[in-house]
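Student: Generate a structure from the sequence data that follows.
(chains A, B, C and D, ligands or ions: 6)
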Amino acid sequence: MTEQTPHKPAEYKSGVHPVWCPGCGDYGVLAAITRALAPMGLPREKVAVVSGIGCSGRIPAYLATYGFHGLHGRALPVATGLKLARPELTVIAAGGDGDIYSIGSAHFVHACRRNPDITLIVMDNRVYGMTKGQPSPTSEPDFATPLQPEGPDMPPVNGPLLALASGASFVARGFSGHPDELADIIRAAIAHPGFALVEVLSPCPTFRPEQTHWKRQVQAGALQPAGSIGEAMAQVLAAPELSTGIVWKARRHLPHAVTEKPADAEALMQDLLAGFAP
Amino acid sequence: MTEQTPHKPAEYKSGVHPVWCPGCGDYGVLAAITRALAPMGLPREKVAVVSGIGCSGRIPAYLATYGFHGLHGRALPVATGLKLARPELTVIAAGGDGDIYSIGSAHFVHACRRNPDITLIVMDNRVYGMTKGQPSPTSEPDFATPLQPEGPDMPPVNGPLLALASGASFVARGFSGHPDELADIIRAAIAHPGFALVEVLSPCPTFRPEQTHWKRQVQAGALQPAGSIGEAMAQVLAAPELSTGIVWKARRHLPHAVTEKPADAEALMQDLLAGFAP
Amino acid sequence: MPKTTSRETISLALTGSGGAGMLTAGDLLLRAAARNGLYGLLTRSVGPQIRGGESAALLRIAHYPLETHDDAFHVLFAADWKNFDRFAGEIHLDEDVLVIMDEHAREVPETVENTTGEVCRLPLQATAKRTGGRVNMVGVGFLGRLLGMTPDELAAVIRWFFSRKGRERFIESSIAAMKAGFDLAAPHVKTGALLAPPSAKERAAAKNRWLMSGNQAVAMGFLQAGGRFVAGYPITPATDMLEWLGPRLPKFGGALVQAEDELAAINMVLGASWGGVPAMTATSGPGLSLMAEGIGLGVAAEIPALIVDVQRIGPSTGIPTKSEQGDLNLALHAAHGDAPHLVLAPDCVTDCIRTTAWALHLAEKLQCPAIVLSDQKLGQMHSIIDAINLPPWKARRKLRERCEGDYARYRITPDGVSPMALPGVPGCMHTVDGLEHAENALPSSRVEDHAAQLDKRRRKLFRMEDWPDEEMAHWAEVQGGGEVAVLTWGSAAGPAREAVRMAAEEGLHARHISMRLLFPPQKKRLSRLLDGVKRLVVVEQTHSGQFYHYLKSWFDLPEVVISCRRPGPRPITPRQVLRALREACRISEHESERVCQ
Amino acid sequence: MPKTTSRETISLALTGSGGAGMLTAGDLLLRAAARNGLYGLLTRSVGPQIRGGESAALLRIAHYPLETHDDAFHVLFAADWKNFDRFAGEIHLDEDVLVIMDEHAREVPETVENTTGEVCRLPLQATAKRTGGRVNMVGVGFLGRLLGMTPDELAAVIRWFFSRKGRERFIESSIAAMKAGFDLAAPHVKTGALLAPPSAKERAAAKNRWLMSGNQAVAMGFLQAGGRFVAGYPITPATDMLEWLGPRLPKFGGALVQAEDELAAINMVLGASWGGVPAMTATSGPGLSLMAEGIGLGVAAEIPALIVDVQRIGPSTGIPTKSEQGDLNLALHAAHGDAPHLVLAPDCVTDCIRTTAWALHLAEKLQCPAIVLSDQKLGQMHSIIDAINLPPWKARRKLRERCEGDYARYRITPDGVSPMALPGVPGCMHTVDGLEHAENALPSSRVEDHAAQLDKRRRKLFRMEDWPDEEMAHWAEVQGGGEVAVLTWGSAAGPAREAVRMAAEEGLHARHISMRLLFPPQKKRLSRLLDGVKRLVVVEQTHSGQFYHYLKSWFDLPEVVISCRRPGPRPITPRQVLRALREACRISEHESERVCQ
Ligand SMILES: Cc1ncc(C[n+]2csc(CCOP(=O)(O)OP(=O)(O)O)c2C)c(N)n1
Ligand SMILES: Cc1ncc(C[n+]2csc(CCOP(=O)(O)OP(=O)(O)O)c2C)c(N)n1
Ligand code: SF4
Ligand code: SF4
Ligand SMILES: [Mg+2]
Ligand SMILES: [Mg+2]
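Tutor: Ligands and ions are numbered 1, 2, ... in the order given. Okay, the predicted model is just below:
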């Protein structure tokens, strides 16, 4: 017994009032997810959204799907475990730029390699929003704050580039201020069989008020599916940093999952026991 | 008062008998390090080698320098802390492919970005040697073992590519079977002001006996300094996987370090206290 | 309205939703009180909203030094009631409370509806609008008057506050709003202000006061003892300590790194400290959990390190902005294997300076990680404290400055401490190791080496029991006397000290012991402090009684031990402890180990 | 040579350097014993060399089930003495030891030089060379004869061993070497074999035996209870459990993931388990430290999870290949905040099956992480055990199968367990959270919600005290009686059980209690088992007495409690416990809390 579908996008919202600040880009991400899911006709109970900690990490509870709000940095391992245990579910992982590219960066690299059929949405605001304004791995080198008074002074993490270098099979960037394009990208990412990175430029008007200008600066569709991984990397390097679009899509094996019908366990146990005979 | 230099390469060895198996590539790495240090005339006490856990991680104790044999995966943070505390020391971090690219991969990405003046030597044998033969992040997709009976079935981590994508300022690959070329590369890496990755193909005859053929397959000098990061990536992608050479060198800021002469602390404390006056 | 119109201490709660600026109002009132020579403290309670959510400023002012909130609030100033119920549980209203609310406010919360106190509906918003200021400034004026402050005094702090670049334009309207608020308060001060006015002597003492938070005090203690390297990863409620240090540490020749995670932070600290630079990380519960392995390495490799845990409510992500003492178990037992290390806890804001300095001193002296357990309450409490002489403790290691081929990093010594040769010292080269090792630091799996190194690592800590009392004076503090005692650690000391004073006023003589050095256990020392005690009340802010169980596992305790515990976010209050004390005096000796909650 | 030429149990140590194949020889002898219906166990001690270093096979054979090594070795067969001193401390020689060594061996270790036993220099290498076999096979023949085995029996296991592809060519030469070794032993069996020969009945029982390691047994328990997902990161001495499961789990429809680190492993387990699939990770100390935060999330979000910690020597990297019980503190207190969870420990190889299955059952039933503490000794001990019926416990969760808008994931229930709706169930959608939450799982920082959820999470565990005895029968095991008791957990049970039997033979009546459920504490149950006990000896393999301190913190103990502890790698032996027991009977009641080490 599953839910009647299709639902309208609004029906994918839980109705819980977000903790987000007015104008936060994450509202656009929330909207885009609902608009991605609705036309796919996915029953809400078959979708699970797993997140870490951060403003971004609050998103699962605002969706009418299943959700898992776990630890800072650990959304991807949880999502991987879930997907391998329950391959029939649509699993989305969501996190912030700190969550995924800083404390979670090992999991990010290895999820790209492992290729579980998960869509990862990174809500990139180039700041630690939840902890009130420290630099994140995507912050500009000169983003000055008390913690780093002269700015991080190092190259920001380029999420799509890191994903490509790590072997990801789907890489895209979207903008929360363009929820329709973003919905299309997320839908393609969900449809993609394998690990899909959707980095979303999602402004933080509270701690990065200058990001309200992104609306004018974003180059929608400037990233286009590349023919080779080298070409994809070159494109990401060459494109303006606020470019959006899908830049890479490839087919790769999926990791082994739990199978739905387990074998006759009793007999198998007896087989194993026989192996212990001296 | 420092040691009389120069020393001969052998004098950089501690004389402690390695636990390594006969034929292990790590002997070549040890030799190369000593041959790199000797001509630089570095006093042994001014060099500190920090490692994680693995066969590779045992290397500091075999050197007559200072050494820190820490935790699995955490050599880079220790080395970073040390270098920032004692910028006058020559700090080398060393680890295995599992140590650096698996459990330590977050630190790897962020050390590349942060650019402390450290030389990282990754002794890559495409296997977990110390724990007796599990696949590592650099293992071939079809490397079958009990833990992954059908092999990891995913693209190996490409260390140099990941380093380039993460913003490393010096990227090279060497081969433990060519200790002279390797010594040259390590010397260049130490001389480079900033974070330097030297990935070393270092065979594990015990768990990867087929790697004894590397000697014939390695393409020495196939990697050449590139003019741009994009070119460096393209080169790494295109070159045969057993290519060696320096592929990337760039100048970047170093992170702030502890300064040798601390200011007048008493007066500074009084300044701070004045700030607490209501 | 409080029965005594003029009191020695008064507690005010200011609440309001996003942008109402109640925290600013609280700050200004606290500063004004400090300038008048009064004592006070301010804590804040915020909702989950990242910015602009509801918040409460909890303010207490007194004529004597304060370490804790009172049991109840005498005045509640509510800019609005939005989501008031989110922290209603933390704001216990006095039965004679004076509630100030806007005339048009709707949905008055139940606790307020049912109060026996006085509820005044006033034109707060209208007044703000009229003056061009904001409602929080109306509050500053209103409450300032209740506290006996003058418009000039209040205007001065307002000016000070807005005298930052680009904000001067708010000064005049804010002062106007404040004055209007001041006028509104007239009917409530007919018989004088609610707080007794400060004497001339008190006013004169204002210049010897500091307005400081516990997090700042910890940072000061670290700097004072010679700490020069910090690595940390942002986490509430420790971030502001890192942010405070960020611009200041470089002036001392130090460096601060924002690490990629807590695993990196603790390992960076170990690296820097191994290099000879006294180093610290600051974190909260989740970060401490992640540092467990690194702390164990510090123990095994004998590397000093300071780990400050500003505790928040657990388990897991818990309630990041609120206080509890629930990390004690983890702090004591962090890391697998037999990994003894130092655990200390400051017991008030002032003590944050001292205990942190002592902790760094001990960590360096004993070549061992020291965990300092602060908490959100202490860390983020803004408090008016007496200026103190900075503590004398310095980071100083037993060093080996030269060797002639005879160096053994982990030499077995009588006191368990082996001279340390820092990288750079000629002739002493060696490799430190988290693997078990022989004296020469080389890995060893021999029975004898393991036993000898375990003994040594334990001995260096446990020898502290035999240190001269002068050197250990800071380990705990006792106050009062009698057969009943209250034992606390960390921020629970505040309410306990006040309770013991209140008990004395009732003629109930009790003593209070505040333990600052939690591990290694000072068994003999505690026994001496407990000499003559028949009934012991163990007070802590946890759910499971972590301190109580720890005490039972290591110490000799009196026959009757009462575990008095309460989880966060409702703070432990003086009267809660007083009740436990009263009860302790009544119960029979056979009822040992009671639990009061 | 042992005094009694024919014994009920005998212990043999086989040592040699790289490639001597002593471990293989031990394996073959153990298997031959099993086929003869004898009991036995084999542990291995290896040096730091990755491959080809020195190693020792420690073998004990008996006519009765064995759980532990004996105090001393009766026979030492040394292929050579290279680096013997690295584990000399672990091999205590019987005073009548029979030492077999090569005639040309030099640098005989001191312990052997000084032995009062018999040292035989024999042409071991020469014999191997002559027969074309290896010296370990000479050992198999020699020792096999001492054990009363026939050349045919020994040849059969040699054939079995080499009957793997490409190794058949070693069979004949190995058998020749074995036979030559057999002949060499003739002078030593003049008065019969050193071990009493197995009876016909014993021989017949051989088919009801299993040859199994503790790590395999844990894996079996997990599979038996329905475990189907494993995520792990290699670490000694847990890796072989993962490697054993690797090819087998998929047959059960399960999946195993090699994670990138332990943080990933525990979080993958939580993800899979939240999806409804019973899941486990296996690790050792350093990994457990890294999992602390994840375990806390499991507690807060109420997700079942099995964490197997095969303990090795700590602290830090410690001694990875050797055994200790030093992770108890961390296992009990892992994770910041008040995070109660299950901690269990199997007490022998057979029990690894049962306790693991029970732990998974409990974790699922109580929706809580369960840590199972095995250790290197249990985990890697190859043991001949009686075949058992697989335990009945299954992973079964209280599920919610449908909802009508009324679902509250963290509903407050009398037993503290809230029905769980798995992803996929229509109408029950919700988001689980590591933030403190209300019943409906939404984040809450309210005093009342925190208190209610803390109560519930504690209650579901602490209610176990009130479960019917039948359901809890496995929590501990008691044997013997009298006023003196030995209390152990985990692998310390083996020597203690044997000590109690030996004590009984001396007329000293004692009881032994082995605790398998360590947390939540079963206070009333332990009191019942301790009924009448006046003196309690707490035996554990730690340096600091972790178990002893844990007992003191939670349980009511007899007046005299003696902490008998020893760190690794020297194992706790039956006679060590026996000595403690004897002493316990002698000491006066005033000397409570003695420490014997
Ligand atoms: C282990 C741990 N470390 C630190 C934190 C504190 N913390 C919470 S959210 C966050 C970073 C948030 O930044 P980001 O991931 O970019 O998310 P955003 O809030 O910007 O959406 C941090 C450091 C934590 N909760 N857990
Ligand atoms: C936290 C932790 N997890 C796991 C281990 C076990 N371990 C030791 S070395 C190692 C991997 C070794 O592989 P690699 O880094 O490639 O080094 P190699 O031995 O091949 O040189 C592992 C998993 C450990 N010591 N600590
Ligand atoms: S702080 Fe920034 S990211 Fe967080 S909710 Fe507010 S606007 Fe959004
Ligand atoms: S196992 Fe492999 S990597 Fe390790 S010492 Fe042996 S050959 Fe070298
Ligand atoms: Mg962010
Ligand atoms: Mg390797």
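
Student: and A:D180, how many neighbours does it have?
Tutor: Here the count is done by other CB atoms under 10 Å in any protein chain shown, and A:D180 has 12 residues near it. Every C-beta, even on glycine, is put in place using the N, C-alpha and C of the backbone.

Student: and the gap between it and ligand 4?
Tutor: Applying CB to the nearest ligand atom, to the nearest Å, the value for A:D180 to ligand 4 is 53 Å.

Student: That residue: helix or strand, and which one exactly?
Tutor: Secondary-structure assignment from DSSP states H and E places A:D180 in helix A:179-191.

Student: Relative to the whole chain's centre, how far out is that helix?
Tutor: If you compare the mean C-alpha spot of helix A:179-191 with that of the full chain, they lie 12 Å apart, counting by CA atoms, centre = their mean, to the nearest Å.

Student: I'd like to know which elements that helix is packed against.
Tutor: Other helices and strands packing on helix A:179-191, by 3 or more CB pairs under 8 Å, 6 or more residues apart in numbering or on different chains; DSSP states H and E, are helix A:26-40, strand A:118-124, strand A:170-175, strand A:196-201, strand A:243-249.

Student: mind giving me CSV with these and columns for mean neighbour count, distance to C:A204 and mean pLDDT?
Tutor: Formatted as CSV, the entries for those read as follows, by neighbours: other CB atoms under 10 Å in any protein chain shown; distance: least, CB to CB, whole Å; pLDDT from 0 to 100:
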stretch, mean neighbour count, distance to C:A204, mean pLDDT
helix A:26-40, 23, 53, 98
strand A:118-124, 29, 55, 98
strand A:170-175, 29, 61, 98
strand A:196-201, 29, 58, 98
strand A:243-249, 22, 65, 98
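
Student: State which one residue of the stretch 101-250 of chain A is found closest to ligand 1.
Tutor: Using CB to the nearest ligand atom, the single residue of the stretch 101-250 of chain A nearest to ligand 1 is A:G129, 3.2 Å away.

Student: Would you enumerate the residues in contact with that residue?
Tutor: Contact criterion CB atoms under 8 Å, 6 or more residues apart in numbering or on different chains gives A:C24, A:G54, A:C55, A:S56, A:G96, A:C204, A:T206, A:F207, C:I50 as the residues in contact with A:G129.

Student: In TSV: the residues you listed, plus neighbour count and pLDDT.
Tutor: TSV is the format used below for the contacts of A:G129 (neighbours: other CB atoms under 10 Å in any protein chain shown; pLDDT from 0 to 100):
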residue	neighbour count	pLDDT
A:C24	25	97
A:G54	27	98
A:C55	28	98
A:S56	31	98
A:G96	33	98
A:C204	30	98
A:T206	21	96
A:F207	23	97
C:I50	22	78
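
Student: closest to B:M40 among those residues?
Tutor: The shortest separation between B:M40 and any of the contacts of A:G129 is 43.4 Å, and it belongs to A:G96 (by CB to CB).

Student: What does that closest one show for phi and psi?
Tutor: The phi and psi values for A:G96, taken as degrees, to the nearest 10, are phi -90, psi 180.

Student: wait, it sits on A:M123?
Tutor: Yes: using CB atoms under 8 Å, A:G96 is in contact with A:M123, at 5.5 Å.

Student: which residues are in contact with both of these two?
Tutor: A:G54, A:C55, A:S56.

Student: Please, where are all the strands along chain A?
Tutor: Taking DSSP state E to define them, one finds strands in chain A at A:47-51, A:66-69, A:90-96, A:118-124, A:170-175, A:196-201, A:219-223, A:243-249.

Student: looking at those, which is closest to C:P320?
Tutor: Smallest distance to C:P320 across these (CB to CB): 12.9 Å, for strand A:66-69.

Student: per-residue pLDDT, the residue of the stretch 101-250 of chain A closest to ligand 1?
Tutor: Here, the pLDDT recorded for A:G129 equals 97.

Student: Okay, now the unreliable bits of the chain?
Tutor: Picked chain A for this. For chain A, applying pLDDT under 70 flags the ranges A:1-4, A:262.

Student: Correction: the question concerned chain C.
Tutor: Counting by pLDDT under 70, chain C contains low-confidence ranges at C:1-6, C:588-597.

Student: The helices and strands packed on helix A:179-191: which one's closest to D:T281?
Tutor: Taking CB to CB, strand A:118-124 is the member of the helices and strands packed on helix A:179-191 nearest to D:T281, at 19.8 Å.

Student: and the closest one with chain C, contact?
Tutor: No: in this structure, strand A:118-124 remains apart from chain C according to CB under 8 Å from any CB of the partner chain; the gap is never smaller than 13.2 Å.

Student: Near C:A156, how many residues? Count them for me, please.
Tutor: The number of residues packed around C:A156, counting by other CB under 10 Å, is 17.

Student: can I assume it sits in a helix?
Tutor: Yes: if the criterion is DSSP: H, G, I helix; E, B strand; the rest coil, then C:A156 is within a helix.

Student: That one: what's it in contact with?
Tutor: Shown in contact with C:A156 (CB under 8 Å, 6+ apart): C:A32, C:R35.

Student: Report the separation between it and C:L194.
Tutor: As defined by CB to CB, to the nearest Å, C:A156 lies at a distance of 21 Å from C:L194.

Student: circling back to that earlier point, keep only the shared contacts of A:G96 and A:M123 that also lie close to ligand 6.
Tutor: Judged by CB under 5 Å from the ion, the overlap between the shared contacts of A:G96 and A:M123 and the neighbourhood of ligand 6 is nil.

Student: Any idea how many residues pack against the residue nearest to A:R86 when sequence neighbours are not counted?
Tutor: Among residues not flanking A:R86 along the chain, D:G275 sits closest, at 4.0 Å (CB to CB, 6 or more residues apart in numbering or on different chains). The burial metric for D:G275, expressed as a neighbour count using other CB under 10 Å, is 27.

Student: quick one: D:G275 and A:L89 touch, right?
Tutor: Yes: D:G275 lies in contact with A:L89 (CB under 8 Å); the separation is 7.2 Å.

Student: what touches both of the two?
Tutor: Applying CB under 8 Å, 6+ apart, one finds that D:G275 and A:L89 are jointly contacted by A:A48, A:L82, D:P423.

Student: Closest to C:P369 out of the residues you listed?
Tutor: When the shared contacts of D:G275 and A:L89 are ranked by distance to C:P369 (CB to CB), A:L82 comes first, at 36.0 Å.

Student: Spit out the contact partners of C:F462.
Tutor: Counting by CB under 8 Å, 6+ apart, C:F462 touches C:P340, C:P520.

Student: Most proximal residue of the stretch 351-500 of chain C with respect to chain B?
Tutor: When you check the stretch 351-500 of chain C against chain B by CB to the nearest CB, the closest residue turns out to be C:T431, at 3.0 Å.

Student: Got phi/psi on that residue?
Tutor: As for C:T431, its main-chain torsions (degrees, to the nearest 10) stand at phi -120, psi 120.

Student: Show which residues not belonging to the longest strand belonging to chain C make contact with it.
Tutor: Scanning chain C for the strand with the most residues, using DSSP E, yields strand C:93-102. Contacting residues not belonging to strand C:93-102 are listed as C:1-3, C:11, C:72-81, C:108, C:111-112, C:115-125, C:135, C:139, C:142, C:146, C:188 [CB under 8 Å, 6+ apart].
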